[in-house]
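[1] Give me a 3D structure for the following:
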Amino acid sequence: MYKICQTEQSSRRQEQIKDTFLSMLAFQNYEEITISALCAEARIPRKTFYRYFDSKRDIFLLAIDLLMIEFETWNNAYTSRFRPQTTEKEIEKIICFFLEKKQFFDIVKQNHLSILFFQRVLDQAISEHINLRFVCSDSTTKQQRLAMIFSVTGLLSLLWDWHQGGCKESPGELARMITPMLTVPPLMPASGCISCD
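    The predicted structure follows:
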């Protein structure tokens with residue numbers, strides 16, 4: 001696990017190591033990057049690396065966690081400035097944020113780190129109770145947890161599929177396609193009941 005920094009200076013150093021690692025991942029394979037090579041690129045001794053991280057996997061986990069913190073901060077700031085929007089507009093807002101992070105998604109894709117990414121985001125969403133507006137608030141705790149898992153994994157999977165396809169649709173077009181999936185019970189045909197024929 002990565003270490004929780006107690007000072008601004010140590011936080012900056014930890015982020016510098018993370019940024020160096022991500023810049024290396026843009027051009028090199030995750031498996032091929034060694035701690036020694038990372039330390040040389042970051043111009044730090046190995047002992048400094050181990051002061052902040054146990055492994056290079058931990059650097060990637062930190063990058064994901066910081067992305068989620070950035071999203072939560074951005075979402076809270078947006079929500080405090082603007083009135084609540086329709087579900088479609090809220091989804092479009094989320095898509096726009098992740099579109100700004102396309103380079104990070106590119107790194108995840110080319111290094112085959114999507115499973116680690118998905119698992120970490122889901123764990124963070126559940127443990128931190130990130131407020132996704134399209135999850136009903138009048139459900140029981142268990143139902144809220146299930147709705148959170150369903151919504152986060154569903155939306156993240158659709159964003160991932162969109163990224164894999166080259167982000168061809170605009171955020172608004174994608175939001176229009178996604179909204180019915182989150183507002184209509186799943187597996188329901190247009191008639192409103194599942195046919196067993």
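[2] and stretch 73-91, how far out from the chain's middle?
    17 Å (Cα atoms, centre = their mean, to the nearest Å).
[3] Endpoints of it, how far apart?
    16 Å (Cα to Cα, to the nearest Å).
[4] Quick one: low-confidence residue ranges for the protein.
    Applying pLDDT under 70 to the chain flags the ranges 84, 128-140, 185-197.
[5] what about 50?
    130-134, 136, 193-197 (pLDDT under 50).
[6] OK, contacts around the most centrally placed residue in the chain?
    The chain has V121 as the residue nearest its centroid, 5.1 Å off, counting by Cα atoms, centre = their mean. Contacts for V121 (Cβ atoms under 8 Å, 6 or more residues apart in numbering) come out as I64, M68, V152, L156. For glycine as for every other residue, the C-beta is placed from the backbone atoms N, C-alpha and C.
[7] now, which of the residues you listed sits nearest M24?
    Taking Cβ to Cβ as the measure, M24 lies nearest I64 of the contacts of V121, at 16.7 Å.
[8] ok, that closest one touching F118?
    No - counting by Cβ atoms under 8 Å, I64 does not reach F118; the two are 9.8 Å apart.
[9] who's more crowded, those two?
    Counted by other Cβ atoms under 10 Å, I64 and F118 do not tie: I64 has more neighbours, with 20 against 17.
[10] that older thread, distance-wise, check the residue nearest to the centre of the chain relative to W160.
    Separation of V121 from W160 (Cβ to Cβ, to the nearest Å) stands at 10 Å.
[11] before we move on, what SS does C167 have?
    coil (DSSP: H, G, I helix; E, B strand; the rest coil).
[12] hmm, back to that, only the C-alpha atoms, please, for the one helix or strand the residue nearest to the centre of the chain maps to, written as CSV.
    Assessed by DSSP states H and E, V121 sits inside helix 114-128. Taking Å, rounded to 0.1, in the frame of the first residue of the first chain, the C-alpha atoms of helix 114-128 are listed here in CSV:
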residue,chain,number,x,y,z
SER,A,114,-8.5,-2.2,-16.5
ILE,A,115,-9.4,-4.9,-14.0
LEU,A,116,-7.3,-3.3,-11.3
PHE,A,117,-8.8,0.1,-12.3
PHE,A,118,-12.4,-1.1,-12.2
GLN,A,119,-11.9,-2.9,-8.8
ARG,A,120,-10.3,0.1,-7.2
VAL,A,121,-13.0,2.5,-8.4
LEU,A,122,-15.7,0.2,-7.2
ASP,A,123,-14.1,-0.2,-3.8
GLN,A,124,-13.7,3.5,-3.5
ALA,A,125,-17.2,4.3,-4.5
ILE,A,126,-18.6,1.9,-2.0
SER,A,127,-16.3,2.7,0.9
GLU,A,128,-16.5,6.5,0.4
